[in-house]
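[1] got a sequence here, can you model it:
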Amino acid sequence: MTKRDDAALFGNRFLTVPAPSEKFPEEGMAATDAMRLVDVDLAMEGDPQRNLATFVTTWMEPEAQRLIAENLHRNFIDHAEYPISAEIEQRCVRMLADLFNAPGKTAGCRTQGSSEAIMLGALSLKWKWRERRQAAGLSTDRPNLIFGGDVHVVWEKFCRYFDVEPRIVPLAENKYTIGPEDVEPHLDENTIGVVAVLGTTFTGHMDDVVGIDKLLRDVRKKRDLDIPIHVDGASGAFVWPFLYPDSKWDFRLEQVRSINVSGHKYGLVYPGIGWLIFREEADLAKDLVFYENYLGKTDATFTLNFSTGASMVLAQYYNFVRLGRQGYTYVMKIMQDNAHALADNLRSNGRFEVIGSDLEQLPLVAFRLAGKHSYDESDVAWQLSAERGWMVPAYTLPPNAEKVKIMRALVKETLSREQIDRLSQDIEDACRTLDDKGAAHDAERAQVKRGTGY
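    Model prediction:
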């Protein structure tokens, strides 16, 4: 029997040869072999359950996983063939509009995460501003958008891709969000909107949406400038309604005209699914909606993508009907309680300062070393990863707070109290190792997660 025959009968030939990577393979392999080849590669990655950098959901119920698996073949955009999927999308839009306290009939859509939702929402801001300017016979060649240094990088991408001047409000040490006093100097007749973040990726806090709303209402009266707010609720818009229901940040505020949220973050759905919700139908610029006859049915589409799976839309609807307000509140409170427990543990060991846990915040812990050490937060992150496999990012804050380096641990549904206590002990053990050996090598430190936009 040849070696090839032995592999077919007893094992997998890829175990002794490199995986295909440069050239398209001439021959195929058995389905089991192909599956094991990929599985062996993935085994070298980090464990998603110990990835405390990512906001993205890493666990769903078996029933939801079954629903997803059984519908992976559905192309969501084919509304003529899959009208129920399209109807379920609009059910989710209406439910989110209700959750965000929309005053009446609204418009909205599913997107490929919050990045697409932000691009579409910001495009509508630009188009609506242009409509107002053209109606008044004024120039439309210098639009600008105001946001703080606490935003996700996608806002800067939008400005670069779609020719809008970014007016970025810098942060400062101990000031990690923005308010009306920061926004006011940047306002003018060319401002298409102001972005307020609900749950920043840096520290998990919210911009002063109430104060910015009041400022813009005053500007509308005194200067006849109607400048809308877009709330970037990528993470927070699935947290605040359940943990802080009396906190006003949504359509209860008059100038809030659109909101984005990521279903694949605290919406508790696997990637990638996002949502864009408008206060009312008139806030969606009509020129951005395309009407096309596709496969015998006229569809209205508002999207940067076309073909995409329906399964995550269905998974989002599953969560809405499975959990309801009561269930989402329960899950969010569990995560918040465990975040508070981790914060208490970090404070009690005397090595760390916890940032802003007395404020409304996402279920996370932002912390930094207290006092002087021979190592810094990046060294702790590396040592923690090397010793126990925890992935906790260490990063500097945006200008003008770039001298502040912090760590951030997201506390998600899968992180139990037992794991919180183990993580706390592992952080303490990593620090003890660094006490003895000193700072990590530059090559080690370079491997630390340093971004915040996961």
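[2] do a quick rundown of the helices in the chain.
    Secondary structure of the chain (DSSP state H): helices at 3-10, 31-42, 62-70, 83-99, 113-135, 154-161, 180-183, 209-223, 240-243, 311-348, 377-388, 417-437, 442-445.
[3] could those helices go into a markdown table alongside mean neighbour count and distance to Ser357?
    In short, each C-beta sits where N, CA and C put it, glycine included. Shown next, in a markdown table, are the helices of the chain (neighbours: other CB atoms under 10 Å; distance: least, CB to CB, whole Å):
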| stretch | mean neighbour count | distance to Ser357 |
| --- | --- | --- |
| helix 3-10 | 11 | 56 |
| helix 31-42 | 12 | 35 |
| helix 62-70 | 13 | 31 |
| helix 83-99 | 18 | 25 |
| helix 113-135 | 21 | 25 |
| helix 154-161 | 17 | 26 |
| helix 180-183 | 20 | 23 |
| helix 209-223 | 17 | 20 |
| helix 240-243 | 22 | 13 |
| helix 311-348 | 18 | 5 |
| helix 377-388 | 22 | 17 |
| helix 417-437 | 16 | 14 |
| helix 442-445 | 12 | 27 |
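[4] any weak-confidence spans in the stretch 1-150 of the chain?
    Along the stretch 1-150 of the chain, the parts satisfying pLDDT under 70 run over 1-11, 13.
[5] give me the pLDDT value at the closest residue to Gln383 other than its chain neighbours.
    Nearest residue to Gln383 in three dimensions, chain neighbours excluded: Ala430, at 4.0 Å (CB to CB, 6 or more residues apart in numbering). With respect to pLDDT, Ala430 scores 97.
[6] show me what contacts Ala430?
    When contacts are counted by CB atoms under 8 Å, 6 or more residues apart in numbering, Ala430 touches Val380, Gln383, Leu384, Glu387, Arg388.
[7] pLDDT value on the third one, please?
    Just to be clear, that refers to Leu384. 96.
[8] just checking, it touches Trp390?
    Yes - Leu384 sits in contact with Trp390 when judged by CB atoms under 8 Å, with a separation of 4.9 Å.
[9] what do these two both touch?
    Contacts common to Leu384 and Trp390, judged by CB under 8 Å, 6+ apart, are Asp426.
[10] quick one: stretch 306-317 to chain centroid distance?
    Put simply, stretch 306-317 sits 17 Å off its chain's centre (CA atoms, centre = their mean, to the nearest Å).
[11] start and end of that stretch, how far apart?
    Across stretch 306-317, the terminal residues are separated by 21 Å (CA to CA, to the nearest Å).
[12] any residues touching it, and which ones?
    So stretch 306-317 is contacted by 60, 64, 67-69, 71-72, 74-77, 82, 85, 88-89, 91-92, 110, 112, 263-264, 267, 269-273 (CB under 8 Å, 6+ apart).
[13] same check, this time on stretch 338-348
    352, 354, 357, 363-365, 367, 409, 411, 415-417, 420-421, 423-424, 427.
[14] can I get that stretch in PDB, CA atoms only?
    C-alpha atoms of stretch 338-348 as PDB (Å, rounded to 0.1, in the frame of the first residue of the first chain):
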ATOM      1  CA  ASN A 338     -19.300  41.300  37.300                       C
ATOM      2  CA  ALA A 339     -17.700  44.500  36.000                       C
ATOM      3  CA  HIS A 340     -18.100  46.100  39.400                       C
ATOM      4  CA  ALA A 341     -16.600  43.000  41.100                       C
ATOM      5  CA  LEU A 342     -13.600  43.200  38.800                       C
ATOM      6  CA  ALA A 343     -13.200  46.900  39.500                       C
ATOM      7  CA  ASP A 344     -13.300  46.200  43.300                       C
ATOM      8  CA  ASN A 345     -10.700  43.500  43.000                       C
ATOM      9  CA  LEU A 346      -8.300  45.700  41.000                       C
ATOM     10  CA  ARG A 347      -8.700  48.500  43.500                       C
ATOM     11  CA  SER A 348      -8.200  46.200  46.500                       C
END
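[15] next one: it to chain centre, how far?
    24 Å.
[16] can you check stretch 44-53 too?
    17 Å.
[17] find me the pLDDT at the closest residue to Cys431 other than its chain neighbours, would you?
    Ranked by CB to CB, 6+ apart and with sequence neighbours excluded, the top spatial neighbour of Cys431 is Arg351, at 5.7 Å. pLDDT, the model's per-residue confidence, is 95 for Arg351.
[18] what does Lys449 give?
    At Lys449, pLDDT is 56.
[19] same deal with Glu254?
    98.
[20] how many residues are close by it?
    15 (other CB atoms under 10 Å).
[21] Val239 versus that one, what's the distance?
    Going from Glu254 to Val239 by CB to CB, to the nearest Å gives 23 Å.
[22] got it, and Ala285?
    Using CB to CB, Ala285 is found at 29 Å from Val239.
[23] ditto for Ser262
    11 Å.
[24] ok, Leu52 next?
    From Leu52 to Val239 the distance is 17 Å (CB to CB).
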